[in-house]
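Visitor: Just to be clear, the model below is a prediction. Sequence and coordinates:
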Amino acid sequence: MQSDQVLNIILVGFMASGKSSVSRALSRRCGWPRVDADDEIVSRAGKPIADIFRDSGEDAFRELERSVVSDICGEKGRIIAAGGGSFIDDESRRTMLDGGTVFYLSARPETIHRRVTRGNPNAPARPLLGAGNPLEKIKELLDQRTPVYSQAHHAVETDGLTPDQVAQAVLKICGPVIA
Ligand code: S3P
């Protein structure tokens, strides 16, 4: 795949919408390297995301996230899996919309709930879902965030699809631009 027409393919969407697994499938299919923004944050901070939230709070996490998003969107020819809240941040959103073709991977709240609680029904690992009823929290956050996610260049519904099927849908949209 030539990388001079689409700068980067950037995947955004709620936690467990499949961004990381779809980014792997896309990278396999089109040969571009993948970058996971959350992994980069963990590596720079030297600790897991839950510990960053616990020790320094969400504002500090978002600040680190902004700088990671800015650095990875400055590259070209990458498949970028963004963290679920990064596109909600005004500065990171502008960086992503300018830095590539942004795909919103959508999923119903029940699908997200099933994915985040798989094998771990009582204690979701994501800090933002840690307190209270996770399904209610997912619905509340999705209601707030959906209008912002909808500012992505394209949207792909992921319910009932495998990561490879979602990757195919993304490449079908990119195809004429990438070819
Ligand atoms: C967050 C999503 C997480 C991670 C952090 C905050 C969010 O990423 O960046 O826990 O605000 O939705 P994933 O979408 O990869 O789970």
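Guide: Received, thanks.
Visitor: which parts of this protein sit against the ligand?
Guide: Contacts of the chain with the ligand, taken as C-beta under 6 Å from any ligand atom, map to 15, 19, 38, 49, 83-85, 126-128. From N, CA and C alone the C-beta is placed, and that goes for glycine too.
Visitor: Low-confidence regions, the chain specifically.
Guide: Along the chain, the parts satisfying pLDDT under 70 run over 1-4, 119-125, 176-179.
Visitor: Show me the helices in it, by range?
Guide: Under the criterion DSSP state H, helices of the chain are mapped to 19-30, 37-45, 49-56, 58-73, 90-99, 109-117, 134-149, 163-178.
Visitor: what is the orientation angle of the fourth one with helix 37-45?
Guide: Meaning helix 58-73. Interaxial angle, helix 58-73 versus helix 37-45 (axes from the mean of the first three to the mean of the last three C-alpha atoms, to 10 degrees): 110 degrees.
Visitor: ok, and for helix 58-73, which residues are buried?
Guide: For helix 58-73, a neighbour-count test (16 or more other C-beta atoms under 10 Å) marks 61-62, 64-66, 68-69, 72-73 as buried.
Visitor: With the shortest one instead?
Guide: Going by neighbour count (16+ other C-beta under 10 Å), the buried part of helix 49-56 is 49, 52-53.
Visitor: before we move on, what about the last one?
Guide: Along helix 163-178, these residues count as buried under the neighbour rule (16+ other C-beta under 10 Å): 163, 166-167, 169-171, 173-174, 178.
Visitor: so which of the residues of the chain next to the ligand is the most crowded?
Guide: Among the residues of the chain next to the ligand, the one with the most neighbours (other C-beta atoms under 10 Å) is residue 19, at 28 neighbours.
Visitor: Correct me if wrong: it contacts residue 13.
Guide: Yes. Under the criterion of C-beta atoms under 8 Å, residue 19 lies in contact with residue 13, with a separation of 5.9 Å.
Visitor: Find the residues that touch each one of those two.
Guide: Overlap between the neighbourhoods of residue 19 and residue 13 consists of 84, 105, taking contacts as C-beta atoms under 8 Å, 6 or more residues apart in numbering.
Visitor: quick one: contacts for residue 62?
Guide: By C-beta under 8 Å, 6+ apart, residue 62 lies in contact with 85, 89, 92.
Visitor: Who does residue 9 form a beta bridge with?
Guide: On the basis of DSSP bridges, residue 9 is bridged to residue 79, residue 101.
Visitor: wait, isn't it in contact with residue 174?
Guide: Yes. With contacts counted by C-beta under 8 Å, residue 9 reaches residue 174, the gap being 6.5 Å.
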